[in-house]
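# Below are the sequence and a predicted model; questions follow.
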Amino acid sequence: MGSALRADLLMLFKSLHDPQHVARFQELCGVRATITENHSGARDSGGGEEIDVSRRRKPVRDGQEKQQEVNGAVNGSTNGVAGVNAKSGIARGPLRKNSLTGDVGHQFVISNRLLYYAFTLGTELGNELFYISFFPFLTWNVDPFVARRLIAIWVWVMYLGQCTKDLVRWPRPASPPVVKLEVFYDSEYSMPSTHAMSGTAVPLGLFLLTYSRWEYPFILGLGLTLSWSLLVCVSRVYMGMHSVLDVIVGFLFSLLILVVFYPVLDTIDTFNQSSSYAPILTVSLHAALGLFSFTLDTWSTSRGDTAQILGTGAGIAVSSHLNHQLALIHDPPASMLPLQAPPLSWGLFGWSLLRFILGVLMLIGTRTVMKALTIPLVCRVVGISSQDVRKARRNMLVELPYRYIVYWTVGFSAFFLVPYIFSCIGLS
């Protein structure tokens, strides 16, 4: 009985991990690879670049090499759409090309623009541009209490997700048959989907933190939470970056982390704000977690992203401590709960928009300046040439401290420096 159940589960997992499901879903949603014929009769992808599959190889994470098939030529014939061109849809290239690896991907054809834009929005809800916009907006314009606790959830969910990826070491869905609409994260492992994890933890955490604190209809909050999570999760299959199993495991893993972590969130937040040891302990713990987890045998975006997440969390924790000690940002007393949203007005919209634009500009400027200063400095300290910045950034001795320092500063700026400047110029 037990062995039969185990065999059935293994078959189910294998089926859910099959890239053919991803390819069929993409085909159903109107995604096709482009195939053309050049004068010599060789197949090539969209832009006319000749494809020599025998020469396109990339290192595998176990140190060996494996064949790297290209989306363009082979995938079209696998899905039975040979000869598809831009006349049957819109020819596009992959999202978020990777400047460090030089991987720009291959063209594909989109015949359903509505789904393409919807799932592009979904996948962007798990990327840096969203985080650097949403969390600060929540802090400056809505509720810093909710923001700092939600970020604590996000840090732990993303950290544990990235570590699990590097322990399990499952590859991305094979291409062919899958069309890769995104190549930036292709160097990472696949299981579980950290987009699905953050796309579950952030909206669900936001709902849990705000429902008893703010007045709004339960059905509205739950509906937005489920819609947000579903959009992000399904977008990862649509983009060809995860199998169905990756997404399901990411969703369930995120729920498990919330069940364990949410009950102690109040204790962690109180410690970060009140304990005199909190800043040094938080910074040290996050740095140690980063060093402990960086055991990858080759470079991938996972390593830098993990350092970035830990640095951001540490910077925000330190700034929360200073805000509490200096009474820069006040949490409303319990007697005022539940909070009611203020009536909408042009004045409220204008001041919120002004704070958001100025604040994000300051954060982007801080990130740009810190990158320009930190990379050469770290290279000099560790004795690595900084002339080829792309090569230097892929070295672990450079990437880890540079990412941690830069995003520690960004997190600290978002929660302390920017609110302090707002208070000085009357924008609080």
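Arrived safely, thanks for sending.
# Tell me which residues of the one helix or strand Val232 maps to come out buried.
Using DSSP states H and E, Val232 maps to helix 218-238. Counting neighbours by 16 or more other C-beta atoms under 10 Å, one finds that the buried residues in helix 218-238 are Gly221, Thr225, Trp228, Ser229, Leu231, Val232, Cys233, Val234, Ser235, Arg236, Val237, Tyr238. In this view, the C-beta of every residue, glycine as well, is placed from N, C-alpha and C.
# Adding pLDDT and distance to Ala307, write these out as JSON lines.
What follows is the buried residues of helix 218-238, written out as JSON lines (pLDDT from 0 to 100; distance: C-beta to C-beta, whole Å):
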{"residue": "Gly221", "pLDDT": "92", "distance to Ala307": "34"}
{"residue": "Thr225", "pLDDT": "95", "distance to Ala307": "29"}
{"residue": "Trp228", "pLDDT": "95", "distance to Ala307": "27"}
{"residue": "Ser229", "pLDDT": "94", "distance to Ala307": "26"}
{"residue": "Leu231", "pLDDT": "94", "distance to Ala307": "28"}
{"residue": "Val232", "pLDDT": "94", "distance to Ala307": "23"}
{"residue": "Cys233", "pLDDT": "94", "distance to Ala307": "26"}
{"residue": "Val234", "pLDDT": "93", "distance to Ala307": "29"}
{"residue": "Ser235", "pLDDT": "92", "distance to Ala307": "25"}
{"residue": "Arg236", "pLDDT": "92", "distance to Ala307": "23"}
{"residue": "Val237", "pLDDT": "91", "distance to Ala307": "28"}
{"residue": "Tyr238", "pLDDT": "91", "distance to Ala307": "29"}
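# Pick the one among the residues you listed closest to Met336.
Closest approach between the buried residues of helix 218-238 and Met336, by C-beta to C-beta: Gly221, at 19.8 Å.
# now the residue lying closest to Tyr420 once chain neighbours are set aside, what's its secondary structure?
Nearest residue to Tyr420, sequence neighbours excluded (C-beta to C-beta, 6 or more residues apart in numbering): Leu328, at 6.2 Å. Following DSSP: H, G, I helix; E, B strand; the rest coil, the label given to Leu328 is coil.
# number of nearby residues for Leu328?
17 (other C-beta atoms under 10 Å).
# looking at it, it is touching Leu417, isn't it?
No: in this structure Leu328 lies outside contact range of Leu417 using C-beta atoms under 8 Å: 10.4 Å.
# related to what we said a few turns ago, OK, contacts around the residue nearest to Tyr420?
Counting by C-beta atoms under 8 Å, 6 or more residues apart in numbering, Leu328 touches Leu322, Phe416, Pro419, Tyr420, Ser423.
# Make a PyMOL selection of whichever of these turn out to be buried.
This is how PyMOL selects the buried members of the contacts of Leu328, with burial counted by 16+ other C-beta under 10 Å:
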select buried, resi 322+416+419+420
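# And the contacts of Leu328, which is closest to Leu353?
Pro419 (16.7 Å).
# thinking that closest one is in contact with Ala147, fair?
No: Pro419 is beyond contact range of Ala147, at 11.1 Å (criterion: C-beta under 8 Å).
# Give me the mean pLDDT for stretch 165-175.
What stretch 165-175 shows for mean pLDDT is 83.
# would you put the C-alpha positions of that stretch in PDB?
The C-alpha trace of stretch 165-175 is given here as PDB (Å, rounded to 0.1, in the frame of the first residue of the first chain):
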ATOM      1  CA  LYS A 165      16.900  25.900  -5.200                       C
ATOM      2  CA  ASP A 166      20.700  25.500  -4.700                       C
ATOM      3  CA  LEU A 167      20.200  22.400  -2.600                       C
ATOM      4  CA  VAL A 168      17.700  20.600  -5.000                       C
ATOM      5  CA  ARG A 169      19.500  21.800  -8.200                       C
ATOM      6  CA  TRP A 170      16.800  21.000 -10.700                       C
ATOM      7  CA  PRO A 171      17.300  22.600 -14.100                       C
ATOM      8  CA  ARG A 172      14.900  24.900 -15.900                       C
ATOM      9  CA  PRO A 173      12.300  23.400 -18.300                       C
ATOM     10  CA  ALA A 174      14.100  22.100 -21.400                       C
ATOM     11  CA  SER A 175      14.100  24.200 -24.500                       C
END
